[in-house]
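>>> Here is a sequence with its predicted model. Questions after.
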There are 2 protein chains.
Amino acid sequence: MVHPADITYAADTAQRLRDAGLRVTAPRLAVLHVLAGHPHSTAETLARLVRGRIGRVSTQAVYDVLAACAGAGLVRRIEPAGSPARFETRTGDNHHHLVCRSCGRTTDVDCAIGARPCLTPSDDAGYQLDEAEVVFWGLCPSCQPSRTPHHHYDEETRQ
Amino acid sequence: MVHPADITYAADTAQRLRDAGLRVTAPRLAVLHVLAGHPHSTAETLARLVRGRIGRVSTQAVYDVLAACAGAGLVRRIEPAGSPARFETRTGDNHHHLVCRSCGRTTDVDCAIGARPCLTPSDDAGYQLDEAEVVFWGLCPSCQPSRTPHHHYDEETRQ
DNA sequence: CGGCCATACTTGACTTGTTCCAGAAAAGGT
DNA sequence: ACCTTTTCTGGAACAAGTCAAGTATGGCCG
């Protein structure tokens, strides 16, 4: 059941881990792999998916992997209010998120103004800023009352 | 120890509670009062401050009060990543926050562009949006390495 | 190729922040 | 004053995440 593309992907991922100064281990490869296919997943969901791939992995290991990769800039951690932390592999492009108040579905959206312009509030109050996090709250197509759903929504990946 | 201004404030607060269709109770008045003086406080901090004012109040009551007032639009709940929920009485003006990565200090900042313009992402993906939440992450003046602190920072109120 | 050591993973207990529940108390309309 | 509805109390429960101690593993070095 190993697709050739998976091998390429794995080699690529391994290299990115090494470049980041991290050891290449089965849990790390697996977490990064499933995360690429299921962005905005929670640690718990990732743990379950990873176990489906490589068998027994402790929840703690998943947290450790995510923390290590987040520290190295390989994954980004987002924490929308009212939801456990979610993770994604898309980093460094300062993109933002649409979050559904009703079902929690999370969708990427490119930065409205372009390249890191959001980094300029009206008054920085002396803060040394490094990131602007933007979350647009609302109702996703499937959760709007008087509208028929247009997109399929996967409860698992919340996409 | 009751200052005349407090009575005025209390009467005003009571009226705002009634206008919102909520009953006027001592815990509610007290929570709203201390919250006005300590924005960005956590539920736990508020509970302690409220007890200092009116004596024994259960933690649960504080959560209930905050939930009721948040539902009525009297308080706003913010939940920065890595921190317990924080509350503020400034609502309805779509302002944003500067949050210090090091100490968690939170500072209000007016919406950069004006009146609710942030509500327009580059692509809304079919979402029906009602709020844009913006958090600027960085280091507050006191936490910047090669700088002397300019503002006093109260760990309690995080202001 | 084989051993060594820093790093990563496992296990299990523990914290923290928050919610649920059932019953007692109190607010406010009639 | 009374009654209904809402709120408050206290305690238990819960989910997400952290901590700590011991075991296993990756990758370098001889």
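Received the coordinates, thanks. Numbers count the residues shown, from 1 in each chain, chains lettered A, B, ... in the order given.

>>> and the residue in chain A positioned nearest to DNA strand C, how many residues sit next to it?
Residue nearest to DNA strand C within chain A: A:Ala61 (2.7 Å; Cβ to the nearest atom of the strand). Placement of C-beta: from N, CA and C, glycine included. Residues near A:Ala61, counting by other Cβ atoms under 10 Å in any protein chain shown, number 18.

>>> got the contact list for it?
Shown in contact with A:Ala61 (Cβ atoms under 8 Å, 6 or more residues apart in numbering or on different chains): A:Pro27.

>>> what about it, distance to A:Ala68?
Using Cβ to Cβ, to the nearest Å, one gets 10 Å for the distance from A:Ala61 to A:Ala68.

>>> quick check, the residue of chain A closest to DNA strand C in a strand?
No: counting by DSSP: H, G, I helix; E, B strand; the rest coil, A:Ala61 is not part of a strand but helix.

>>> packing partners for the lengthiest strand in chain A?
Longest strand in chain A by number of residues (criterion: DSSP state E): strand A:128-139. Using 3 or more Cβ pairs under 8 Å, 6 or more residues apart in numbering or on different chains; DSSP states H and E, the elements in contact with strand A:128-139 are strand A:96-100, strand B:128-139.

>>> out of the ones you listed, deepest packed?
Mean neighbour count (mean count of other Cβ atoms under 10 Å in any protein chain shown) peaks for strand A:96-100 among those, with a mean of 23.

>>> got the CA positions of the following helix or strand past it in CSV?
From strand A:96-100 onward toward the C-terminus, using DSSP states H and E, the following helix or strand is strand A:106-109. Extracted in CSV, the C-alpha atoms of strand A:106-109 (Å, rounded to 0.1, in the frame of the first residue of the first chain):
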residue,chain,number,x,y,z
THR,A,106,-11.4,26.2,9.5
THR,A,107,-10.4,27.5,6.1
ASP,A,108,-7.2,29.2,4.9
VAL,A,109,-7.4,32.6,3.4
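
>>> Strand A:106-109 near chain B anywhere?
Yes: contact of strand A:106-109 with chain B is found when judged by Cβ under 8 Å from any Cβ of the partner chain, involving A:Thr107, A:Val109.

>>> could you measure the residue of chain A closest to DNA strand C against B:Gly138, distance?
Taken as Cβ to Cβ, the span from A:Ala61 to B:Gly138 is 32 Å.

>>> Could you pull out the buried residues of stretch A:18-25?
Residues A:Leu22 are the ones in stretch A:18-25 that count as buried (16 or more other Cβ atoms under 10 Å in any protein chain shown).

>>> State the mean pLDDT of that stretch.
With pLDDT averaged residue by residue, stretch A:18-25 scores 95.

>>> Span of that stretch from start to end?
10 Å (Cα to Cα, to the nearest Å).

>>> Give me the residues contacting that stretch.
With Cβ under 8 Å, 6+ apart as the test, stretch A:18-25 has contacts from A:Ala14, A:Leu17, A:Arg28, A:Ala68, A:Cys69, A:Ala72, A:Gly73, A:Leu74.

>>> Could you check how many residues crowd around the fifth one?
It stands for A:Cys69. Residues near A:Cys69, counting by other Cβ under 10 Å: 24.

>>> The second one now?
A:Leu17 is flanked by 20 other residues according to other Cβ under 10 Å.

>>> and the closest residue to it other than its chain neighbours, what helix or strand is that in?
Closest residue to A:Leu17 apart from its sequence neighbours, by Cβ to Cβ, 6 or more residues apart in numbering or on different chains: A:Val24 at 5.0 Å. If you go by DSSP H and E, A:Val24 is not part of any helix or strand.

>>> ok, A:Val24 to chain B distance?
From A:Val24 across to chain B, the span is 28 Å (Cβ to the nearest Cβ, to the nearest Å).

>>> Show me what the most centrally placed residue in chain A is bridged to.
Geometric centre of chain A, nearest residue: A:Glu88, 1.5 Å, by Cα atoms, centre = their mean. In this entry, A:Glu88 is beta-bridged to A:Arg76, by DSSP bridges.
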